[in-house]
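Undergrad: Structure for the following, please:
(chains A, B, C and D)
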Protein chains: 2
Amino acid sequence: MPTAVQESQASGTADATDATDMTVPDAAGTAEARVTDLIRDAIVRGEYAPNQRLIEADLSSTFGASRATVRTALLELASEGLVERLPNRGSRVRAISLDEAIEILEVRMAVEGLCAAKAADKLSDADAEGLRRLRDEMTAAVAEGDLVEYSRLNQYLDLRVRELSGHATASDVLARLHAQSVRHQFKLSSRPARAKVSVLQHAAIIDAIVARDSDGAALAVRDHMLSVISALRELA
Amino acid sequence: MPTAVQESQASGTADATDATDMTVPDAAGTAEARVTDLIRDAIVRGEYAPNQRLIEADLSSTFGASRATVRTALLELASEGLVERLPNRGSRVRAISLDEAIEILEVRMAVEGLCAAKAADKLSDADAEGLRRLRDEMTAAVAEGDLVEYSRLNQYLDLRVRELSGHATASDVLARLHAQSVRHQFKLSSRPARAKVSVLQHAAIIDAIVARDSDGAALAVRDHMLSVISALRELA
DNA sequence: GCCACGAATATTGTCAACAATAGTGGTTCC
DNA sequence: GGAACCACTATTGTTGACAATATTCGTGGC
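TA: Residues are numbered from 1 along each chain as shown, chains lettered A, B, ... in the order given. Predicted coordinates for the structure are as follows:
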């Protein structure tokens, strides 16, 4: 069953001239990149708890790399906002409070609104068709109660809108913010009642983009994000 | 009477040191932070040209720090977007094209709009008075043709709105973007005709914030930024 | 004359050891 | 019994040396 996701992934790789090469799952050429990915995964997966200290020597022996390599990896992760570095006092997993998560969502609201508007402006007919299919898949997934699939499509929609906007700077900012709030996002995605509301908003976003209505797309994104924010607030 | 920008003047003079302060033995904190600041200043000041290669050993002897220290400094600067690092092929000063500069302004438009709205929501009476004074100072500076002063007040307004928004995440994103586009921003600030238009827009922003009109503030920021973008386009 | 090939060089990536700093616990003095 | 002081430990910051990789330039074959 070829899904819209697989298809547009293919078109994404075919579009090799694009500068936004932010999806680098493997390609562990240097040891530094390898260790960075391993630690990042461990943090995102929750293997390292928030506020847990990350001792360089410890990680060094765990991952079989030198301490300098681990150190640069921690630097990189600190720049991504996943790790907190206190001078002379080491690194720890950055804990993202509810307030911070909301702030992140607010900034995402603004920037994703921009991306959606841009995407609406420069949408090709082929891409419009892909978005329509994606909308139908999302609707179907929720109707079948497949929340895992829906969550995946959800993330993919975000990514796709960024790609379609052709806005490298915005994509960069969003990627960074998204990585930080992955854990909080996760808490919401597994709530069936939430999905039923959210899927309508996502459909509205897609419809606005497909209709080349840039202002409407930005507003639809704004509505959706405000909804996510209030849902996150209620959870606390 | 202390002006509204007393503090920014102080930081301004600190930034405005001449080019011969590069051999300062030790300024503050760790060597890494010191070297990072020195290289950053050199880049922002234009001492290192865009696309110029930054050889670690070279910088190491120039700044009297070990290569590892320089290396971490370059990592940090890469995360700030001022330096570009190619694996196994070294670092160079990141060249920001006109298109990129426009992208940065677009994202700033979105995020500063958010900040302005937030600032309008939570503005205290004392802060409102400060903003009004700032507006008058900007108007006066332009009327007197003091573009340097106006440019500084300009930057200060940006900073102040961020502060008043109380939005750490947005401030962080904006600070990063601002650092990148400093050179392009500079090209515009020295044009008298531009200042006359721009000061009215800034006044509109301040008025909206002072009036606690969050939507109006966001729109005013949007208008201003669109104007800056088209001015930058015309320059090319 | 031009392209492939390979050595020489320049530069970054990685490592283990050393120095400096913050945290810890015990000891002594009041 | 409590607080200041001091040595001790754990951990990060820094350094120089070594290994790996990319670039350059000369050389030979066609």
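Undergrad: any idea how far the residue most central in space within chain A lies from DNA strand C?
TA: Geometric centre of chain A, nearest residue: A:His178, 3.9 Å, by Cα atoms, centre = their mean. A:His178 is 26 Å from DNA strand C, where distance means Cβ to the nearest atom of the strand, to the nearest Å. To be clear about C-beta, it is placed using only N, CA and C from the backbone, and glycine gets the same treatment.
Undergrad: Can you report how many residues lie near A:Leu131?
TA: 23 (other Cβ atoms under 10 Å in any protein chain shown).
Undergrad: For chain A, which residues are neighbours of DNA strand D?
TA: Residues of chain A that fall close to DNA strand D, judged by Cβ under 7 Å from any atom of the strand: A:53-57, A:67-68, A:71, A:85, A:87-91.
Undergrad: low-scoring stretches of chain A, by residue?
TA: Counting by pLDDT under 70, the ranges of chain A that qualify are A:1-29.
Undergrad: Show me where it has its strands.
TA: Applying DSSP state E to chain A gives strands spanning A:53-54, A:83-86, A:90-93.
Undergrad: partners of the shortest one in the sheet?
TA: Strand A:53-54 pairs in its sheet with strand A:90-93 (antiparallel), by DSSP bridges.
Undergrad: Tell me the buried residues in the strand it pairs with?
TA: With burial defined by 16 or more other Cβ atoms under 10 Å in any protein chain shown, the residues of strand A:90-93 counted as buried are A:Ser91, A:Arg92, A:Val93.
Undergrad: nearest to A:Asp121, of the strands of chain A?
TA: Evaluated over the strands of chain A, closeness to A:Asp121 peaks at strand A:83-86, with 37.0 Å, by Cβ to Cβ.
Undergrad: Quick check: buried residues in that closest one?
TA: Neighbour-count burial for strand A:83-86 flags A:Val83, A:Glu84, A:Arg85 (criterion: 16+ other Cβ under 10 Å).
Undergrad: The residue in chain A positioned nearest to DNA strand D pairs with what?
TA: Using Cβ to the nearest atom of the strand, the point where chain A gets nearest to DNA strand D is A:Gly90, with a distance of 3.1 Å. Note on A:Gly90: beta-bridge partners by DSSP bridges are A:Leu86.
Undergrad: wait, what's in contact with it?
TA: A:Gly90 makes contact with A:Arg53, A:Leu54, A:Ile55, A:Glu56, according to Cβ atoms under 8 Å, 6 or more residues apart in numbering or on different chains.
Undergrad: do the same with A:Glu149
TA: Counting by Cβ under 8 Å, 6+ apart, A:Glu149 touches A:Ala141.
Undergrad: now it: how far from A:Leu159?
TA: Counting by Cβ to Cβ, to the nearest Å, the separation of A:Glu149 from A:Leu159 is 16 Å.
Undergrad: buried sites along stretch A:133-152?
TA: Per 16+ other Cβ under 10 Å, stretch A:133-152 contains these buried residues: A:133-135, A:137-139, A:141-142, A:147, A:149-152.
Undergrad: ignore the last one, stretch A:207-217
TA: Of all the residues in stretch A:207-217, those buried under the rule 16+ other Cβ under 10 Å are A:Asp207, A:Ala208, A:Ile209, A:Val210, A:Asp213, A:Ser214, A:Gly216, A:Ala217.
Undergrad: Just the CA trace of it, in PDB.
TA: Output of stretch A:207-217 as PDB, limited to C-alpha atoms (Å, rounded to 0.1, in the frame of the first residue of the first chain):
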ATOM      1  CA  ASP A 207      -7.600  22.800   2.700                       C
ATOM      2  CA  ALA A 208      -6.400  26.300   3.100                       C
ATOM      3  CA  ILE A 209      -3.000  25.500   1.600                       C
ATOM      4  CA  VAL A 210      -4.500  23.600  -1.200                       C
ATOM      5  CA  ALA A 211      -6.900  26.500  -1.900                       C
ATOM      6  CA  ARG A 212      -3.800  28.700  -2.200                       C
ATOM      7  CA  ASP A 213      -5.300  30.800   0.600                       C
ATOM      8  CA  SER A 214      -2.100  31.900   2.400                       C
ATOM      9  CA  ASP A 215      -3.800  34.100   5.000                       C
ATOM     10  CA  GLY A 216      -6.400  31.300   5.700                       C
ATOM     11  CA  ALA A 217      -3.500  28.800   6.100                       C
END
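Undergrad: shouldn't A:Arg194 be in contact with A:Ser230?
TA: No - A:Arg194 lies out of contact with A:Ser230 (Cβ atoms under 8 Å); the separation is 11.0 Å.
Undergrad: Have a look at these two and say which one is more surrounded.
TA: Higher neighbour count among A:Arg194 and A:Ser230: A:Arg194, with 18 against 11, using other Cβ under 10 Å.
Undergrad: check contacts around that one.
TA: Listed by Cβ under 8 Å, 6+ apart, the contact partners of A:Arg194 are A:Leu188, A:Ala231.
Undergrad: ranges for the helices of chain A?
TA: With helices called from DSSP state H, chain A shows them at A:4-14, A:31-44, A:56-63, A:67-80, A:98-121, A:125-143, A:147-165, A:168-180, A:182-189, A:192-210, A:214-235.
Undergrad: just those helices: most buried one?
TA: Scoring those by mean neighbour count under mean count of other Cβ atoms under 10 Å in any protein chain shown gives helix A:98-121 as the most buried, with a mean of 23.
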